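Colleague: show me how the following folds:
(one chain, ligands or ions: 2)
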Amino acid sequence: MSSVFDLAPIAAASNGGNNDPHLPQPRFVGMPQRPSKMPYEKYIAYDKQVPFSYPQRTWPDKKLQRAPRWCSVDLRDGNQSLVNPMDSARKLRFWNLLVSMGYKEIEVGFPSASETDYDFIRMLIERQLIPDDVTIAVLTQAREHLIRKTYEALRGCKRAIVHFYNSTSVLQREVVFRKDKDGIKQLATDAARLCKELETEAEGIDISYEYSPESFTGTEPEFALEVCDAVVDVIQPTAEHPMIINIPATVEMTTPNVFADQIEFLHKNLKNRDAIVLSLHPHNDEGMAIAATELALLAGADRVEGCLFGNGERTGNVDLCTLGLNLLVQGIDPQIDFSNLHEVRKIVEYCNQVVLSERHPYIGNFVFTAFSGSHQDAIKKGMEAREVAAGLQGADLDTFLWQVPYLPIDPKDVGGSYEAVIRVNSQSGKGGMAYLLKTNHNLDLPKRLQIEFDKIVQKYADETKREVKDEDIWRLFKDEYLPVEESGNHPALADSHDDSLNRWGRFRLLGANIMSGESSSDTVIKIKIEDNGFPHEDVEPHVQELSGIGNGPIAAFVNAISVLGVTVSVLDYAEHALSSGGDAVAASYVECQIGDDSNPQIIWGVGIDSSITTSSLKAILSAVNRTMR
Ligand SMILES: CC(=O)SCCNC(=O)CCNC(=O)[C@H](O)C(C)(C)COP(=O)(O)OP(=O)(O)OC[C@H]1O[C@@H](n2cnc3c(N)ncnc32)[C@H](O)[C@@H]1OP(=O)(O)O
Ligand SMILES: CC(C)C(=O)C(=O)O
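Modeller: Ligands and ions are numbered 1, 2, ... in the order given. Below you'll find the predicted structure:
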């Protein structure tokens, strides 16, 4: 009998395909490939172990149209991968979670393997914890004593899926079972026969069957088909009472396109296809379980087994949350409630005692966060444009079309917030800092002010070499532009009594009285200004009363402060309300040229006040103060 190890010379001779002059060569211009240190001759290409070709494939032209039938195997495959498998309390917590999310088929354990699994299943049945629209599945090896024990566990259950399996792979036939193909097929059909026999004794239980040619990915697809057909012949499913043929990528061994070809081959060739639910059970050994599952669904599969967040043996089972949310973002109803995914995560982490990665799709701590400048800029603009578009269409923002660069999903749809969307570090640009000031402090900085302030944030980020948190940005902003502001009655500055701020600004506006003349060109202003001397140590702090006249309050103010020795021209001006209602507060931003034409400084100032005019005057003083820092 030939052995899997007979392939060793073929592997050694044929691997390292890039060195084969007959194969198309990758274009490593000016960079010839040389053998690396890695022992690639120890491994063999999948198509040399299990040759398979299916040029009739049609899946590449298909599109996903609807959610498949989902089955969670968290309480079985997920559980068998844990350092400390779940006790009944944790299993029950997980069960309740799965039911609340809307899973209708749940594999609850391997009752013949452990007392905990057996007792848990008994508890679900005896305490009538299985909702009418939920079906439990139980797994067993295709071995007589284990199958008998499985049926025993199901006593009193209304409806269940008995899932039996045996490995069919070339490798396991040789090294585990030491059986030929017929012997392996017989394992499966004997088990199917025993199940049918025990079913007659299992009165009152609506039993359906699931068979898995385990290690399918190491099996010749034609042989897997033969075994599945033989099992189907014994079980005799009908369209009204179908059986599940579950195809496991027990170990992921190929690229997803090969798996999809194999599934399409089974889909087109399985006997009695109308009576069969073609199911997938992908693992993630090569990191492609999601892709493999999605392509295999295009290829004709009807059902998917997996675990929440991809828990499971080794690298995990396929992640049911990612699969479901991938459908959602294509506009397809996933049929599962992911709206509180953060709570789901907490329960799953508690039950599995496995912590999710920061980058885990849709739920990791960083997956809705942009640190880099161009991403932040695009997100900020995208959010704003969407808000404007929804407003123009009179649409509800919560359900309005989601089109935001770099964010494939609205974090709110999975129970998150926009809080972490933008975080600032040395890789960030002005957009990130501007977004945080706008979102958290209602300050909508004009573009050139963003550029100016960003240099300060960037310097801080480079110096500290760490993330610049919102509170850091706010402190830097107040320090730079609002060094003499008191919180007064301005809620926007409620935290301005910040001991860490060194109040360095020289001038502070204490009051302004504006009188408009008959024409706008003769506005008169009287102001009271505190001069604390900074940075001139010889100037004693004192209060000055000044007056000026001009074409509107700003011009009159500029005229009034000229006696302080400052020449100001206002180049640009913007203002907005920070809040609405009677106690509204306004922010003003002015870009000033300070100094005469021979030595001008172009600099921004910011003012916040309950009076919009006063806020603009404060903004001018803010700019003046900054030139003296
Ligand atoms: C890919 C998957 O996830 S499959 C599910 C795997 N899950 C588990 O194994 C978790 C629970 N399993 C267990 O607790 C145990 O394995 C049990 C209780 C099921 C069986 O335990 P044991 O009988 O002690 O032995 P063990 O698991 O080592 O079984 C090995 C024997 O079963 C045979 N065997 C393994 N799988 C199968 C199968 N599907 N069908 C028939 N025989 C099988 C092996 O050939 C081997 O036979 P041998 O003893 O004659 O050499
Ligand atoms: C029993 C089967 C479906 C399995 O868990 C696997 O092959 O991974």
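Colleague: as PDB, could you dump the C-alpha coordinates of stretch 315-330?
Modeller: Taking Å, rounded to 0.1, in the frame of the first residue of the first chain, the C-alpha atoms of stretch 315-330 are listed here in PDB:
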ATOM      1  CA  THR A 315      -6.200  29.500  15.300                       C
ATOM      2  CA  GLY A 316      -9.900  29.200  15.800                       C
ATOM      3  CA  ASN A 317     -13.200  28.400  14.000                       C
ATOM      4  CA  VAL A 318     -14.500  30.900  11.500                       C
ATOM      5  CA  ASP A 319     -15.700  34.100  13.200                       C
ATOM      6  CA  LEU A 320     -19.500  34.300  13.100                       C
ATOM      7  CA  CYS A 321     -19.500  37.900  14.100                       C
ATOM      8  CA  THR A 322     -17.200  39.000  11.300                       C
ATOM      9  CA  LEU A 323     -19.100  36.900   8.800                       C
ATOM     10  CA  GLY A 324     -22.400  38.400   9.900                       C
ATOM     11  CA  LEU A 325     -21.200  42.000  10.000                       C
ATOM     12  CA  ASN A 326     -19.500  41.500   6.600                       C
ATOM     13  CA  LEU A 327     -23.000  40.800   5.300                       C
ATOM     14  CA  LEU A 328     -24.400  43.800   7.100                       C
ATOM     15  CA  VAL A 329     -21.900  46.200   5.400                       C
ATOM     16  CA  GLN A 330     -23.000  44.800   2.000                       C
END
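Colleague: now do it, average pLDDT.
Modeller: Mean pLDDT, computed over stretch 315-330, is 98.
Colleague: stretch 528-538 too?
Modeller: 85.
Colleague: list the buried residues in it.
Modeller: Along stretch 528-538, these residues count as buried under the neighbour rule (16 or more other CB atoms under 10 Å): 529, 531-532, 534. All C-beta atoms are positioned from the backbone trio N, CA, C, and that covers glycine.
Colleague: got it, and stretch 411-419?
Modeller: Those would be 411, 413-414, 416, for stretch 411-419 by 16+ other CB under 10 Å.
Colleague: do stretch 67-79 as well
Modeller: In stretch 67-79, counting by 16+ other CB under 10 Å, buried: 67-68, 70-79.
Colleague: could you confirm whether stretch 310-330 reaches ligand 2?
Modeller: No - Stretch 310-330 lies apart from ligand 2 when judged by CB under 6 Å from any ligand atom; the minimum separation is 6.5 Å.
Colleague: end-to-end on that stretch?
Modeller: Taking CA to CA, to the nearest Å, the span from the opening residue of stretch 310-330 to its closing residue is 21 Å.
Colleague: in the stretch 451-600 of the chain, which residue sits nearest ligand 2?
Modeller: Closest to ligand 2 within the stretch 451-600 of the chain is residue 467: 40.6 Å, counting by CB to the nearest ligand atom.
Colleague: tell me how far the closest residue in space to that residue that isn't next to it in sequence lies from residue 572.
Modeller: What sits nearest to residue 467 in space, not counting adjacent residues and going by CB to CB, 6 or more residues apart in numbering, is residue 425, at 4.8 Å. Remark: distance between residue 425 and residue 572 (CB to CB, to the nearest Å) = 29 Å.
Colleague: repeat for residue 162
Modeller: In terms of CB to CB, residue 162 sits 76 Å off from residue 572.
Colleague: how about residue 289?
Modeller: To residue 572, residue 289 is 55 Å away according to CB to CB.
Colleague: more neighbours: these two, which one.
Modeller: residue 289 (27 against 14; other CB atoms under 10 Å).
Colleague: that one and ligand 2, how far apart?
Modeller: 11 Å (CB to the nearest ligand atom, to the nearest Å).
Colleague: rewinding a little: ok, the buried residues of stretch 411-419 vs residue 166, which is closest?
Modeller: Of all the buried residues of stretch 411-419, residue 414 has the smallest distance to residue 166: 39.0 Å, by CB to CB.
Colleague: quick check, pLDDT for that closest one.
Modeller: Among the per-residue scores, residue 414 shows a pLDDT of 97.
Colleague: from memory it sits against residue 341, does it?
Modeller: Yes - in this structure, residue 414 is within contact of residue 341 by CB atoms under 8 Å, at 4.0 Å.
Colleague: any shared contact partners between those two?
Modeller: 362-363 (CB atoms under 8 Å, 6 or more residues apart in numbering).
Colleague: who are the contact partners of the residue of the stretch 451-600 of the chain closest to ligand 2?
Modeller: 371, 423-425.
Colleague: distance check, it against ligand 1.
Modeller: 42 Å.
Colleague: residue contacts, residue 361?
Modeller: 319, 321-322, 325, 367.
Colleague: so which of the residues you listed is the closest to ligand 2?
Modeller: Using CB to the nearest ligand atom, the shortest approach to ligand 2 within those belongs to residue 319, at 14.6 Å.
Colleague: contact residues of the chain facing ligand 2?
Modeller: Checking the chain against ligand 2 by CB under 6 Å from any ligand atom, the hits are 77, 139, 165, 212, 214, 246, 248, 250, 281, 283.
Colleague: could you redo the last one with a cut-off of 5 Å?
Modeller: 77, 165, 212, 214, 248, 250, 281 (CB under 5 Å from any ligand atom).
Colleague: from the residues you listed, which is closest to residue 7?
Modeller: residue 250 (19.8 Å).
Colleague: this completes my enquiry, with thanks.
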